[in-house]
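kindly generate the corresponding structure for this input.
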Amino acid sequence: MPMHAKWTSTSLGRKIQQLRLGSPKTSFQATAFLLPAASTSRQLYRPVWQAQLGMTGRPAKHKLLRLASKGLSGASSSAPSSVPSFSSSPLTPAPAVTAAPSGGRHIMVGAHRGPEAQQAVAAMVAANSGIGIHLPQPQSQSLGNGAVSPSCIHLTMAQGAVVAPDLDYTVVVDMLHKNAAANLDVSHSGGVVLGLTSPVGPTDLLDVVIGQLNFMRLLACARNKLWWMTPEWRTSTWALPPETQFLLAEMAVAGPYVLLLPLIDGDFRCSLRPPAKKSEGANGELVLRLESGAPGVKGSRWSSALYIGASWDPYELVDRGVAAAAALSGGARPRTAKVLPPSLDGFGWCTWDAFYSTVSARGLAQGLSSLEDGGISPQLLIIDDGWQMTDVDPPMRKTPAAELADKLHVEGEPRRLLEATQDDFFYESQEVMAETAAQMRPGTSAGTVMPTLANLGPQHPPYSHSHSGSADLIDMNTMDSTNLTTGIATAGAQQQRERDSGVGISIADAVARATAASAAAAAEPPQSLAVAVAAAPGGGAATAAQAIWLARVSQKVAGWLMGIATAGFLIFYQWVVEPAPPNSLAVKVFAAAAKGILRPAMLSFYATASDFTRRLTSVRANGKFSHPDAGPDVDWAGVPEALGTVVAHIKRKFGVRYVYCWHGLPGYWAGVMPTDGGAAGGGAGVPGMTAHIRYASPTPGVLEIEPSMAWNPAVLAGVGVVDDPSRLYDAMHRYLHDSGVDGVKVDCQAGVGLIGTAMGGGAALSATYQGALEGSVARHFRGNHAINCMCHSTENLYRMTATAVARASDDFYPRDPASSHPHIAACAFNSVFLGALLQPDWDMFHSKHPAARLHAVARAVSGGPVYVSDKPGEHDFALLHTLVLPDGSVLRCSQPGRPTRDCLFADVLRDGKTLLKVWNTNPVTGVVGVFHLQGSSWDRVRRKFHVHDKAPKGLTTEVRPYDVDKFRPISTGARPTPATSDAPREFVVFSRNTNAMHLLHGTEGIQVSLRSGEADVLTVARVARVGPVAFAAIGLSNMINSGGAVRELNYESGAAAVGSVTGGGGSRVAAGFGAKELVFTMTVRGYGDLLAYCSREPDVVLLNGVRLQPEVSYSFTPGVAVEPVAAAAIAASSAEATSTPTAAAAVAAATVAPAEGGRLHVDLPRVSDLETTLQVVFRSFN
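Below is the predicted model of the structure:
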């Protein structure tokens, strides 16, 4: 029998309506609440489904929140409403229908979106004679240690959607997967943590459409390589990059903002990715991937898979959300709770680009001495790859020449000389390969696999915008062949000792040794090969000489042919395989060939052209560190190491305070020499430690972003994995500590996810390795001296419980001009994510490079370490002196440098209109770095750095004091009240490029114009107004981070006013000022031109208590500060006034006008401790 009922609508707010359904002839009553659709760009209330109850007037299609029945008797149900959730109890998805007492029934509509659930709910509704409706109340949420920020927007889950009760139930994520539920036990601090039950049963990899996101613009940090991630900017989820680990969404202009963070749940790592089809992403659909990384590790229930948070302040949101995600995923503490190593405040020099793996004790002295000659004294020295004892596997050690000697039964000196001919093959082939490698961009997989080899060949033609290149370590074209042969013979005994010891040398060291040997031999008359053979004991000298002569000729020809063949192969690889799509035929065929017919050749190539198949054979240093003057030609194994002596000498002679040594997370690139085969160096010589070869198999996500991982050395040669990484780190770090080393740089960390496929999954294995590393660093390196590197997987990041520094992006590639701009952008935007847990390290750079100033500015505002990798003698000291103080310290900012709010969601590399602005703070001032980075980017299709605009146009942006977010009022969604035209301006902004000073309100801006590759630094100082005087300290104008020199600013006027000004403090205005003297006291670090703003000329200036003489030690220039003319003043210029071009130009020029006051310049002398106290005194108040 049809019911006669009608709907009535009542508005409960801006974005929610209440619908009531009632019948006068029955006890039937119903109420429904309508939520807004997932995207405000579409209709407000999205239709979902319609329950036809036989009514005469059918209700419109609406999204129903919750239904609860009311019986025929009219007694309302008292059963509590339920929300699908996870708890500490066994994990089960909340049921769609729950039986209730009192004869009632709770029906949850929307929590399960499948058609079966819809039909079941409709049938149950039709079967009931009465329905009562309840709106779930949002749960009160707070931090465990106190209230959250006022900017926080609390979220809750209501019937298949994540909503914001604070915003009239605005939908944040709609249409949640039917198996998703909120984990109420861990959904604290305003966020929601979603759990998931597998719809397909136990699996090692699951992709699900988790829901539909309500947003306008997206900022994603997604892995672009196994080791690294880059930022991407999107306006649709179908274009979201795979392996997204961080997703910040802008729901509307200027907020609110939403943060989504895939978590690590047990042995499973989660990430976000695009839908399989473009059409599936039309409504903001998000795909969540859960994977263990190992086929044998399966799961079906995950209680914590995705964190969702919201706020009006994006930086507060990220800090809060990432801290929560890390606590759930691995225990990493927030950056603010960690100890930052003091080495961050010192200038550093790294050996990598200067020497690559040929680094030696002599090279350390050369590099530091070269910097010292220009007045730069590094406090930090990083000894990069090349100091350790490593070797290739035994099968790769025996050369073809040795096999030929076995067949000819040649022994003694003839055998040695015959084996030495192998070097003719080696150098002939390497000469051709080095020329080819030098032309390959380092950003590609082919280019990065052999940086040392590329550095050995003849000088490559420089790129038009690139550094002119690295000086050759060896000139293969000019080396005399006779001297080379003699040099090889001279080094024969040394090479034999190396073969006997089972420890070989790297390619770079072999070349360096031959160079040194041939140079020494050049001073002596060359001894012919025939004489050498004739002098050998035993008969058959003539036969041996002929064999050796033929072998040498054959080796040279074979080496040249092999070099040509390898070069052709590399060119084919670079142009055919490298750019091919991940699942293309070219990639599949090459991957199959690499694991089959090409595997021996590729292993041989890796062994000779790179260090990536070498394994650690000892935790001690090699012979290149046997004494302070040991060079790259010293015997690796035949000479006892003396790293402690070398480090002590470096610290004593050059005043270096901190020495770091590099090592890989598995020990070395290919791990530790295995103990299975009894090879020399097995287990790295650590007593009781065993190691075994494990062969990696990249996950589908890694292969999607970096197909070359299918034939990576770790895949083809395997990785030597120790049974107990704690024992390895303890032995290595104890040795380094005892040698005077202060810390470590730990590389190739994300490789644990690669090898994890053979050892229970990357998420599980990373917990073991990261835990062991963190513990060893804490035990052996007091001060938390560690830099994490190549670690941009959440498997690593969320496990960094105590270490506080990590690299922010892929390497600085001096030979690849296309990489320079994307490097800075990646550092800045990745720091939004990384800065919540660690202090991002923006990597070394070269001071003598076309992009040196751009990178120097980036390091100055980064808040991280500042260090270079200059080759000895290749420095720009003028630039370095704007970064480094005479004692080797730097003016480091207080926080991680991050993009300003107005460019967080703008593509600063590709949109052709946006300049990157990076903000930071100092103890007293703020700073904004502005960069023109348009023109090149990381291309995810080509998988390399790509120049897409060879001539980017000049651009202009506006910089406001409120770009320094610490100066901005707390964001709560309310519109800021504009300052009145007569209100005093609170900030002074100084541009380093233009030398202009502006007096501004927080929302007012100044124009900054840059050409491609240029940068500017703007210091923002808060004005302290005390009585009739206004004062602001800018800092040292001769330093890039000028404001970093001002360490403290206080003022005192007797009993009338006492206060201080800090980077986040406010202006002080004293009413009824009656003091006779006002003193501003600054503590300044450094020397040079100190700049400040004063509303009037000071009466006295004191330096360390001594009165300075005007116009000699300081000067005041009135009328040079300018401020924008108030809008009302410009508007007063009528349309008639601008009717002519001359009048229009006059009005345009009048947009700035002289302001009160002027500049105070103080010439600060250099003092021993570089710290001075400056007092600026004002008297004679009227």
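
any weak-confidence spans in the stretch 1-150 of the chain?
1-147 (pLDDT under 70).

just name the shakiest helix or strand of this protein by mean pLDDT.
Every helix and strand in the chain was compared by mean pLDDT, DSSP states H and E; the lowest is strand 105-107, with a mean of 25.

would you verify that Ile571 is located in a helix?
Yes: under DSSP: H, G, I helix; E, B strand; the rest coil, Ile571 falls within a helix.

what's near enough to touch the nearest residue to Leu1160 once chain neighbours are set aside?
Using Cβ to Cβ, 6 or more residues apart in numbering and skipping residues adjacent in sequence, the residue nearest Leu1160 is Ala1092, 4.4 Å away. For every residue, glycine as well, the C-beta is placed using N, CA and C. The neighbourhood of Ala1092, defined by Cβ atoms under 8 Å, 6 or more residues apart in numbering, consists of 1031-1034, 1082, 1159-1160, 1162, 1176.

I'd like the residues you listed as a markdown table, with secondary structure and pLDDT appended.
Output for the contacts of Ala1092, formatted as a markdown table (DSSP: H, G, I helix; E, B strand; the rest coil; pLDDT from 0 to 100):
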| residue | secondary structure | pLDDT |
| --- | --- | --- |
| Phe1031 | strand | 96 |
| Ala1032 | strand | 97 |
| Ala1033 | strand | 97 |
| Ile1034 | strand | 97 |
| Met1082 | strand | 96 |
| Arg1159 | strand | 95 |
| Leu1160 | strand | 96 |
| Val1162 | strand | 96 |
| Val1176 | strand | 96 |
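
emit the PyMOL select command for whichever of those are buried.
This is how PyMOL selects the buried members of the contacts of Ala1092, with burial counted by 16 or more other Cβ atoms under 10 Å:
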select buried, resi 1031+1032+1033+1034+1082+1159+1160+1162+1176
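
from the contacts of Ala1092, pick the one nearest Trp352.
For those, the minimum distance to Trp352 (Cβ to Cβ) is 36.2 Å, reached by Ile1034.

got the phi/psi numbers for the closest residue to the closest one other than its chain neighbours?
Leaving aside its chain neighbours, Ile1034 sits nearest to Leu1091 (4.2 Å; criterion: Cβ to Cβ, 6+ apart). Main-chain torsions, Leu1091, degrees, to the nearest 10: phi -120, psi 140.

tell me which element Arg1166 falls in.
Taking DSSP states H and E as the definition, one finds Arg1166 inside no helix or strand.

got a list of what it touches?
Per Cβ under 8 Å, 6+ apart, neighbours of Arg1166: 886, 1087.

now do the same for it: its pLDDT.
Arg1166 is assigned a pLDDT of 90 by the prediction.

I'd assumed Asn183 was in contact with Val193.
Yes: taking contacts as Cβ atoms under 8 Å, Val193 lies within contact range of Asn183: 4.5 Å.

find residues that contact each of these two.
Ser304.

want to throw the contacts of Ala1092 into CSV with distance to Phe268?
Output for these, formatted as CSV (distance: Cβ to Cβ, whole Å):
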residue, distance to Phe268
Phe1031, 57
Ala1032, 53
Ala1033, 52
Ile1034, 52
Met1082, 54
Arg1159, 60
Leu1160, 61
Val1162, 60
Val1176, 61
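
now for the contacts of Ala1092, which pair is the farthest apart?
Top of the distance list for those (Cβ to Cβ): Met1082 and Arg1159, 15.1 Å.

ok, the contacts of Ala1092 vs Arg289, which is closest?
Looking across these and measuring by Cβ to Cβ, the closest to Arg289 is Ile1034, at 49.7 Å.

give the contact list for that closest one.
925, 988, 990, 997, 1019, 1021, 1042-1043, 1046, 1090-1093.

mind listing the helices for the stretch 601-750 of the chain?
643-654, 700-705, 713-716, 725-738 (DSSP state H, counting those that start in this stretch).

name the helices or strands packed onto the third one?
The reference is to helix 713-716. helix 599-609, helix 751-755 (3 or more Cβ pairs under 8 Å, 6 or more residues apart in numbering; DSSP states H and E).

pLDDT of that helix, averaged?
Helix 713-716 comes out at a mean pLDDT of 93.

next, count neighbours for Gly596.
9 (other Cβ atoms under 10 Å).

and it, how far is that from Leu167?
58 Å (Cβ to Cβ, to the nearest Å).

now do Arg960
For Arg960 relative to Leu167 (Cβ to Cβ), the value is 26 Å.

so who does Leu213 touch?
Going by Cβ under 8 Å, 6+ apart, the list of residues near Leu213 reads 38, 172-173, 237, 249, 258, 260, 284-286.

nearest residue to it in space, please, no chain neighbours.
That would be Gly284: by Cβ to Cβ, 6+ apart, it lies 4.3 Å from Leu213.

re the thing from before, out of the helices and strands packed on helix 713-716, which comes closest to Cys893?
Once these are compared by Cβ to Cβ, helix 751-755 is nearest, at 31.8 Å.

give me the buried positions along the helix or strand just after the closest one.
Sequence-wise, the next helix or strand downstream of helix 751-755 (DSSP H and E) is helix 762-780. Using 16+ other Cβ under 10 Å as the test for burial, helix 762-780 gives 762-777, 780.

just give me the longest strand of this structure.
strand 301-311 (DSSP state E).

neighbouring strands - and their directions - for that strand?
Using DSSP bridges, the strands paired with strand 301-311 are strand 152-153 (antiparallel), strand 192-197 (antiparallel), strand 257-262 (antiparallel).

tell me the helix or strand right after that strand.
helix 314-329.

which residues touch that following helix?
By Cβ under 8 Å, 6+ apart, helix 314-329 touches 148-149, 151-152, 186, 188-191, 193, 246, 248, 255, 257, 259, 261, 263-265, 304, 307, 309-311, 332-334, 794, 797-798, 832-833, 835-837, 898, 901, 904, 965, 971.
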